[in-house]
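Novice: model this:
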Amino acid sequence: MKKILISLAVATLIVPQIALASWWNPFSWKIFSRPAEVRVEQTHDVNFENKKATTTATSSGEVSQQKEVATKKSKNSVVVSPKKQVTPEPQVAQKQDESKTSIVTFQNGAVAEIDARGNVVRWIKEAVIIPSVLVQPVQTQISQEDVPALSILLRGITNINNSGRFSWRTNIPANSRLVLYTYGPNSVTFFPSSSGYSTEHFVDIPDDVLLTPFTHGYSVEAWDNGVTVVSNTTLFHSQKVDGYVID
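Specialist: Numbering: from 1, shown residues only. A predicted model of the protein is given here:
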């Protein structure tokens with residue numbers, strides 16, 4: 001009876017569990033399926049490590065140098081930036097030039113200190129002022145009564161170098177001329193005085209003009225200050241032997 005009970009118990013209890021376990025497979029779960037640890041031996045390459053160390057040191061050195069250069073640049077920028085370069089303005093140079101002065105003495109005796117622009121900075125000595133006296137010119141009025149009247153004095157004709165010289169005189173300096181008349185062809189010829197503005201006058205007329213069969217006459221005109229004086233007309237005829245004969 002025991003065996004039957006045991007077999008029934010096994011059949012009802014253990015067999016279904018085994019069947020369920022084979023179907024369910026709890027070992028497929030992650031909690032039960034841990035991967036086995038695999039040990040991998042690492043081989044150390046000394047040359048690679050040295051190269052890596054050198055590269056690391058070089059890169060670290062370059063980084064440190066770059067940091068130092070950046071630091072210096074930042075320092076320089078910090079130092080230079082507040083110091084602004086100020087270019088000198090031309091007014092400063094003008095002020096320096098204007099500060100130079102010189103002492104100048106004027107013709108009137110004044111002494112002054114003058115800057116570069118010629119402006120008077122200060123007077124050292126005043127000018128000596130001499131009062132000027134206005135001298136009025138003395139005007140002498142000559143009345144017409146004091147001036148003698150213009151007059152003419154005839155001196156005749158003389159034969160000089162194949163020409164006839166007519167001479168006359170005026171009492172005061174004046175301009176003058178001789179008027180020659182030729183009767184027959186009835187011509188009139190004017191001869192200005194060779195002396196110009198003077199008191200002594202003369203005119204030389206060639207013989208070819210005077211030695212003709214015609215009768216001649218002459219008079220003298222003189223003028224000065226708008227006053228003209230004419231002498232009387234004198235007649236004469238000419239001969240080749242006797243010369244000039246005044247009628």
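
Novice: so after the worst-scoring helix or strand of the chain on mean pLDDT, what's the next helix or strand?
Specialist: Ranked by mean pLDDT, DSSP states H and E, the helix or strand of the chain with the weakest confidence is helix 90-98, at a mean of 52. For helix 90-98, the succeeding helix or strand toward the C-terminus, using DSSP states H and E, is strand 101-105.

Novice: name the helices or strands packed onto that next one?
Specialist: In this structure, strand 101-105 packs against strand 111-115, with contacts taken as 3 or more Cβ pairs under 8 Å, 6 or more residues apart in numbering; DSSP states H and E. Yep, even glycine has a C-beta here, placed from its N, CA and C like the rest.

Novice: who does the strand it packs on pair up with?
Specialist: In the sheet containing strand 111-115, its partner strands are strand 101-105 (antiparallel), strand 120-125 (antiparallel), by DSSP bridges.

Novice: and the contacts of the longest one?
Specialist: Here strand 120-125 makes contact (Cβ atoms under 8 Å, 6 or more residues apart in numbering) with 101, 103, 109, 110, 111, 112, 113, 114, 115.

Novice: whichever strand in the chain runs longest - contacts with which helices or strands?
Specialist: Longest strand of the chain, by residue count under DSSP state E: strand 163-183. Strand 163-183 makes packing contacts with strand 152-159, strand 187-192, strand 198-206, helix 207-210, strand 215-224 when contacts are defined by 3+ Cβ pairs under 8 Å, 6+ apart.

Novice: next, the buried residues of the first one.
Specialist: This means strand 152-159. Applying a neighbour-count criterion of 16 or more other Cβ atoms under 10 Å, one finds 152, 154, 157 buried in strand 152-159.

Novice: name all residues that make contact with residue 229.
Specialist: 150, 151, 152, 221, 222, 223.

Novice: tell me which of the residues you listed is nearest to residue 17?
Specialist: Distance to residue 17 across the contacts of residue 229 (Cβ to Cβ) is lowest for residue 223, with 182.7 Å.

Novice: next, count neighbours for the residue lying closest to that closest one once chain neighbours are set aside.
Specialist: Leaving aside its chain neighbours, residue 223 sits nearest to residue 175 (5.7 Å; criterion: Cβ to Cβ, 6 or more residues apart in numbering). Under the neighbour criterion other Cβ atoms under 10 Å, residue 175 is assigned a count of 17.

Novice: quick one: contacts for residue 175?
Specialist: Contacts were defined as Cβ under 8 Å, 6+ apart; by that measure residue 175 touches 193, 196, 197, 222, 223, 224.

Novice: now the last one: how far from residue 148?
Specialist: Spelled out, that is residue 224. Here the distance between residue 224 and residue 148 works out to 11 Å (Cβ to Cβ, to the nearest Å).

Novice: now the common contact residues for these two.
Specialist: Overlap of the contact sets of residue 224 and residue 148 (by Cβ under 8 Å, 6+ apart) consists of residue 172.

Novice: of these two, who's got more company?
Specialist: When residue 224 is set against residue 148 and neighbours are counted by other Cβ under 10 Å, the residue ahead is residue 224, at 16 against 8.

Novice: got the domain boundaries for the chain?
Specialist: According to the domain assignment given by automatic domain parsing, the chain is divided into the following structural domains: 101-128, 152-246.

Novice: now stretch 207-217: buried residues?
Specialist: If you call a residue buried by 16+ other Cβ under 10 Å, then stretch 207-217 has these buried ones: 207, 210, 216, 217.

Novice: quick check: mean pLDDT of that stretch?
Specialist: Per-region confidence: stretch 207-217 scores 84 on mean pLDDT.

Novice: returning to that earlier point: got a markdown table for the strands paired with strand 111-115, with distance to residue 163, mean pLDDT and mean neighbour count too?
Specialist: Written out in a markdown table, the entries for those read as follows (distance: least, Cβ to Cβ, whole Å; pLDDT from 0 to 100; neighbours: other Cβ atoms under 10 Å):
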| stretch | distance to residue 163 | mean pLDDT | mean neighbour count |
| --- | --- | --- | --- |
| strand 101-105 | 71 | 85 | 12 |
| strand 120-125 | 77 | 82 | 11 |
